[in-house]
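predicted model, plus sequence, below.
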There are 2 protein chains.
Amino acid sequence: MKKAIALGILSLTLATAASAQVKPEDQIKFRQAGYSFMSWNMGKIKANLEGEYNPQQVQAAATAIAGIAGSGMGALYGPGTEKDIGNLKTRVKPEFFQEMPNVGKLATDFNNAAANLAKVAATGDKAAVQKAFADTGSTCKACHDKYRME
Amino acid sequence: MKKAIALGILSLTLATAASAQVKPEDQIKFRQAGYSFMSWNMGKIKANLEGEYNPQQVQAAATAIAGIAGSGMGALYGPGTEKDIGNLKTRVKPEFFQEMPNVGKLATDFNNAAANLAKVAATGDKAAVQKAFADTGSTCKACHDKYRME
């Protein structure tokens, strides 16, 4: 668990020469894109759980979510991305940048939950997916409750 | 190869009850989000190939791309998504909807290239990643050349 938290903070602060070159407005766009694309895939899993269950579609959706979750989105919260840039709005709260250890912990929880969702989805066990899906949704919500504006 | 093409077409036409419920404007937003997030990750891989090579970052980026590529984005090209909706602009060309078998083939090429990139990235072999990255980039370009407006 300690290791997992450390890794989460690492991935949040991981800003190599490579990713540092992304302009602040692009960082905001890319992070919104990542979240938005995850929400589509969460919606598909939800619809599958509530209606006809297509294990292949659920697995593909969960794999996309886990891939995005593991991609180091922390690098998209660089300097200059704390507030709106011209017409480009961001909903991140200032607290996000002031409470990095806690953000790192929530990001790690989210990462672990998403990885587990992908693992469970691969088994095709609907009841297990139901639980892993709820767990993942809680980690999205935990971050939004503290660090995303209405 | 025949099987791969069939699968590509399948995933493009895969519009279960689940995904059919997504509003046309959201379909456009989600597909743009998916492409946008992939382009961030392609950019990271490029920067790694040109500068300091961080195999972990490359693997994470490739995994995100492959996950998005495999998520069935074809379902985001439903009826009503052929043109702008109010202020929401789309750059998809009409030909996209008229040449589905070819789109399916290009989508399958892209899927296979992205899956291969993720596989190769996991080995940490920079030269092999260089090739797989170029192959993937070609499949993005192949689709844009025919089906995306300037």
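On my side now, so go ahead.

what's the distance between the residue positioned nearest the centre of chain A and residue B:69?
For chain A, the residue sitting closest to the mean C-alpha position, by Cα atoms, centre = their mean, is residue A:69 at 4.5 Å. Residue A:69 is 16 Å from residue B:69, where distance means Cβ to Cβ, to the nearest Å. The C-beta positions use only the backbone N, C-alpha and C, and glycine is treated the same way.

now swap in residue A:121 and tell me
17 Å.

how about residue A:140, what does it touch?
By Cβ atoms under 8 Å, 6 or more residues apart in numbering or on different chains, the contact set of residue A:140 is A:38, A:42, A:110.

assumed the second one was part of a helix.
Yes: applying DSSP: H, G, I helix; E, B strand; the rest coil, one finds residue A:42 inside a helix.

who's in contact with it?
A:61, A:65, A:133, A:136-137, A:140.

where's it relative to residue A:24, distance?
Distance, residue A:42 to residue A:24, by Cβ to Cβ: 27 Å.

quick check, pLDDT for the residue sitting furthest away from the middle of chain A.
Most distant residue from the mean C-alpha position of chain A: residue A:52, 26.0 Å away (Cα atoms, centre = their mean). For residue A:52, the model assigns a pLDDT of 95.

what strand or helix carries the residue of chain A found nearest chain B?
At 2.8 Å from chain B, residue A:67 is the closest residue in chain A, using Cβ to the nearest Cβ. Residue A:67 is part of helix A:55-69 when elements are defined by DSSP states H and E.

report the angle between that helix and helix B:55-69.
Going by axes from the mean of the first three to the mean of the last three Cα atoms, to 10 degrees, helix A:55-69 is angled at 140 degrees with respect to helix B:55-69.

and helix A:55-69, C-alpha only, in CSV?
What follows is helix A:55-69, C-alpha atoms only, in CSV (Å, rounded to 0.1, in the frame of the first residue of the first chain):
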residue,chain,number,x,y,z
PRO,A,55,-18.6,-9.1,-21.8
GLN,A,56,-16.4,-8.1,-24.8
GLN,A,57,-17.7,-4.5,-24.8
VAL,A,58,-17.3,-4.3,-21.0
GLN,A,59,-13.7,-5.6,-21.2
ALA,A,60,-12.8,-3.1,-24.0
ALA,A,61,-14.3,-0.2,-22.0
ALA,A,62,-12.5,-1.2,-18.8
THR,A,63,-9.2,-1.6,-20.7
ALA,A,64,-9.5,1.9,-22.1
ILE,A,65,-10.3,3.3,-18.6
ALA,A,66,-7.3,1.5,-17.1
GLY,A,67,-5.0,2.6,-19.9
ILE,A,68,-6.0,6.3,-19.4
ALA,A,69,-5.8,6.0,-15.7
